[in-house]
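*Asks:* Here's my sequence, what's the structure:
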Amino acid sequence: MKTQGLDVFYDSDFEQFLAEDHDAATLKKDTDDALRTYCSMFHEPFFNIEDTSINVSDEELYRWVSWCIFYGRSKDEYPLANRETPASADDPDALDDPDDLLLADFAQILEEAKAYEHADMLDNIAIAGEFAIGFDFAMLSCRELGITPPTQLLQSMMGSPRCEKGSHAYEIGNTLLRKAKATDADNEPPETVVRG
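*Replies:* As a prediction, the model looks like this:
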């Protein structure tokens, strides 16, 4: 982590704040340094021995702690902190909105493409409940990054009442679906001709 202490002034964005490359040893050291800094900033440890809810990769943990330090916000405010908390089947009001789940799937695709800023932005849009804007942002990001989401995910988005006809999400989603269908048709094996 590029830091010289808690009083350092960061004039660059979050991605520049993160160290560029990690091997296993460097990532562990940077994460340990970040956890100590978090403890100093918030006067509490990042991990609570009774809390078993944190189950993320080493790289994501480093991003999470670094995000808290960079923005001066607690671990509970991280956009992805509560994404995987299952809703209670006994409480219908606690069930996630289907469009919220769709945006989480798009955010996951962006994360896997290492487009972390896009994924964070999409998570913040979802938290605000702006699903139509989220679909537009997801589709624009996918187009910009050359990502083709799975056909089933595109169809689910297109079936949402929040995916409005004429919106970026609608137009780009239709284009990607047509492209996927054309690709599938090109990959079908030729018919076998049986001659008697």
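
*Asks:* rest of the way, CA atoms for contacts and neighbours
*Replies:* Will do.

*Asks:* all helices for this protein, in order.
*Replies:* For the chain, helices defined by DSSP state H occupy the ranges 14-17, 24-42, 58-71, 98-112, 116-127, 131-145, 151-158, 168-186.

*Asks:* so where's this structure uncertain?
*Replies:* 1-17, 19-22, 49-55, 79-96, 184-196 (pLDDT under 70).

*Asks:* run the last query once more with 90
*Replies:* Scanning the chain for pLDDT under 90 picks out the ranges 1-102, 104, 112-113, 115, 120-121, 123-131, 148-153, 155-156, 158-165, 176-196.

*Asks:* thinking again about what came up before, out of the helices of the chain, which comes closest to Tyr78?
*Replies:* helix 58-71 (6.8 Å; C-alpha to C-alpha).

*Asks:* Export that closest one to PDB, keeping only CA atoms.
*Replies:* The C-alpha trace of helix 58-71 is given here as PDB (Å, rounded to 0.1, in the frame of the first residue of the first chain):
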ATOM      1  CA  ASP A  58      -6.900 -12.400   0.100                       C
ATOM      2  CA  GLU A  59      -6.900  -9.900  -2.800                       C
ATOM      3  CA  GLU A  60     -10.500  -8.700  -2.000                       C
ATOM      4  CA  LEU A  61      -9.600  -8.400   1.700                       C
ATOM      5  CA  TYR A  62      -6.700  -6.200   0.800                       C
ATOM      6  CA  ARG A  63      -9.000  -4.000  -1.400                       C
ATOM      7  CA  TRP A  64     -11.600  -3.900   1.300                       C
ATOM      8  CA  VAL A  65      -9.300  -2.700   4.100                       C
ATOM      9  CA  SER A  66      -7.500  -0.300   1.700                       C
ATOM     10  CA  TRP A  67     -10.900   1.200   0.700                       C
ATOM     11  CA  CYS A  68     -11.700   1.800   4.300                       C
ATOM     12  CA  ILE A  69      -8.400   3.600   4.900                       C
ATOM     13  CA  PHE A  70      -8.500   5.600   1.600                       C
ATOM     14  CA  TYR A  71     -12.100   6.900   2.200                       C
END
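
*Asks:* if we can go back for a sec, with distance to Glu77 and mean neighbour count added, can I get the helices of the chain in CSV?
*Replies:* Formatted as CSV, the helices of the chain follow (distance: least, C-alpha to C-alpha, whole Å; neighbours: other C-alpha atoms under 10 Å):
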stretch, distance to Glu77, mean neighbour count
helix 14-17, 16, 14
helix 24-42, 13, 16
helix 58-71, 8, 19
helix 98-112, 16, 19
helix 116-127, 10, 19
helix 131-145, 19, 20
helix 151-158, 27, 16
helix 168-186, 28, 16
